[in-house]
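Engineer: Below: sequence and its predicted model.
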Amino acid sequence: DTGSAAATPEQYDIQYLTPVSLGTPPQILNLDFDSGSSDLWVFSSETPASQVKGQAQYNPSKSSTSKEVSGATWDISYGDGSSSSGNVYTDVVNVGNATFAGQAVETAQQVSSSFTSDTNNDGLLGLAFSTINTVQPEQQKTFFDNIRDDLDSPVWTADLKHNEPGTYNFGFIDDSLYTGKIAYTDVDSSDGFWMITLDSYSVGSSTSNLSSRAFHHRPSTFPSPSDSASTPLTGIADTGTTLALLPDSVCTEYYSQVSSAANSQTAGGYVFDCDATLPDFTYTVGSTTITIPGEYINYAPVDTTGEQCFGGIQSDADIGFSIFGDIALKAAFVVFEDDGSSPRLGFAQK
Ligand SMILES: O=C(NNC1=NCCC1)c1ccc(Br)cc1
């Protein structure tokens, strides 16, 4: 079995939506595929009309293959403060022809205001590890965990793009989607996330770091550079988070290269003149180097005047690890591999 479906960005690539078929006859909903969570939940016939604003709704009573999971409930909160909760059914779920008959479909009885106002988002499809699925009393499996053994290969891949549709594939690696080689790194899934350590990062052209200049005679008064060219970054690969949330030290280093940049309390992070030229941000996984073009890091205007723009790199607010969200992932072809025992992440240029 394999599947392939388009990942279409909303404005400013704030999120990517992918069509999913639920039930019999098929009910098509556009879901946010989220490698940072593990619940498949949908706007439904059980969502109060006051909380629905244009979203498609899954109606289990209109599906001949739906079954209620007796006594099961779910309740989830996301890193951006949004939340939702409700009941649970199983039904057939099809993503680009990859199909599982008994997938847990979590119907929303409550969604927070940011989901209500997100009119094109009909729900989320979690692709983190099933250990953090929120269904009680019996935890449910993610779509990937369910279909993994039926897939030609135990992988799904993300080819997210800036301001144009990309692709989520299940069960195969499409060699036409990347260049060079895929470098793999082991995943620590103990927190339920795709957590990895990037070998190094660099801001702008590498000459920006003291260590890369011919400072053979660096006066002893010069700070011994953090030498980001070999400083690792630990974090989670999260397709459901828009920005790249990195350590304060990295944010300071990056925005020190942008003369108009400031860390604004009112805007909630680093902002700069919208006409600023931003440096690239590069990270390496083994022998593969991924470069996020500076343009991708000019995320969006702060307001309608279009004078100040919000940065795509922001602080991880000392949560203890970074969040490699869409800003970081859309520069790469990413392989999420899990044979059920030793998960790995692969990165390739494209
Ligand atoms: O919620 C998280 N990722 N997904 C989504 N964000 C917004 C809607 C979906 C998330 C996961 C882990 C950490 Br640590 C921080 C945030």
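Structural biologist: Received the coordinates, thanks.

Engineer: Ser37 against Leu125, yeah?
Structural biologist: No. Look at Ser37 against Leu125 with CB atoms under 8 Å: they stay out of range, at 9.3 Å. C-beta: built from backbone N, CA, C; applies to glycine.

Engineer: What confidence value was assigned to Thr221?
Structural biologist: Per-residue pLDDT puts Thr221 at 71.

Engineer: mind listing what it touches?
Structural biologist: By CB atoms under 8 Å, 6 or more residues apart in numbering, no residues touch Thr221.

Engineer: I'd like the distance between it and Gly36.
Structural biologist: 44 Å (CB to CB, to the nearest Å).

Engineer: With Gly311 instead?
Structural biologist: 20 Å.

Engineer: Compare the two and say which is more crowded by neighbours.
Structural biologist: Gly311 (27 against 23; other CB atoms under 10 Å).

Engineer: Now the more buried one: closest residue in space that isn't a chain neighbour?
Structural biologist: Tyr270 (4.0 Å; CB to CB, 6 or more residues apart in numbering).

Engineer: where does this protein have low pLDDT?
Structural biologist: Regions of the chain meeting the criterion pLDDT under 70 cover residues 205-220, 222-227.

Engineer: Up against the ligand, what does the stretch 201-350 of the chain have?
Structural biologist: Applying CB under 6 Å from any ligand atom, we find that the stretch 201-350 of the chain lies next to the ligand at 236, 238, 240-241, 319, 323.

Engineer: could you flag which of the residues you listed are buried?
Structural biologist: Buried members of these, scored by 16 or more other CB atoms under 10 Å, are 236, 238, 240-241, 323.

Engineer: can you redo the residues you listed as CSV with secondary structure?
Structural biologist: Shown next, in CSV, are those (DSSP: H, G, I helix; E, B strand; the rest coil):
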residue, secondary structure
Ile236, strand
Asp238, coil
Gly240, coil
Thr241, coil
Ile323, strand
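
Engineer: just curious, which of these is nearest to Thr119?
Structural biologist: Checking those against Thr119 with CB to CB, the nearest one is Gly240 at 17.8 Å.

Engineer: The residue nearest to that closest one when sequence neighbours are not counted: how many residues sit nearby?
Structural biologist: Counting by CB to CB, 6+ apart, the nearest residue to Gly240 once its immediate chain neighbours are dropped is Asp34, at 3.1 Å. Neighbour count for Asp34, taken as other CB under 10 Å: 22.

Engineer: Check Gln136 too.
Structural biologist: 13.

Engineer: Ok, Thr305 next?
Structural biologist: Neighbourhood size, Thr305 [other CB under 10 Å]: 8.

Engineer: Distance check, it against the ligand.
Structural biologist: 27 Å (CB to the nearest ligand atom, to the nearest Å).

Engineer: buried sites along stretch 145-162?
Structural biologist: Buried, per 16+ other CB under 10 Å, within stretch 145-162: 145-148, 151, 154-162.

Engineer: and Asp326, what does it touch?
Structural biologist: Counting by CB under 8 Å, 6+ apart, Asp326 makes contact with 13, 15-16, 160, 239, 241-243.

Engineer: Pick the one among those residues closest to the ligand.
Structural biologist: Thr241 (4.8 Å; CB to the nearest ligand atom).

Engineer: I figured that closest one hits Gly79, correct?
Structural biologist: Yes. Using CB under 8 Å, Thr241 is in contact with Gly79, at 6.3 Å.

Engineer: Got phi/psi on Ser130?
Structural biologist: The phi/psi pair for Ser130 (degrees, to the nearest 10) reads phi -60, psi -10.

Engineer: isn't it right next to Ser38, touching?
Structural biologist: Yes. Assessed by CB under 8 Å, Ser130 is found in contact with Ser38 at 5.6 Å.
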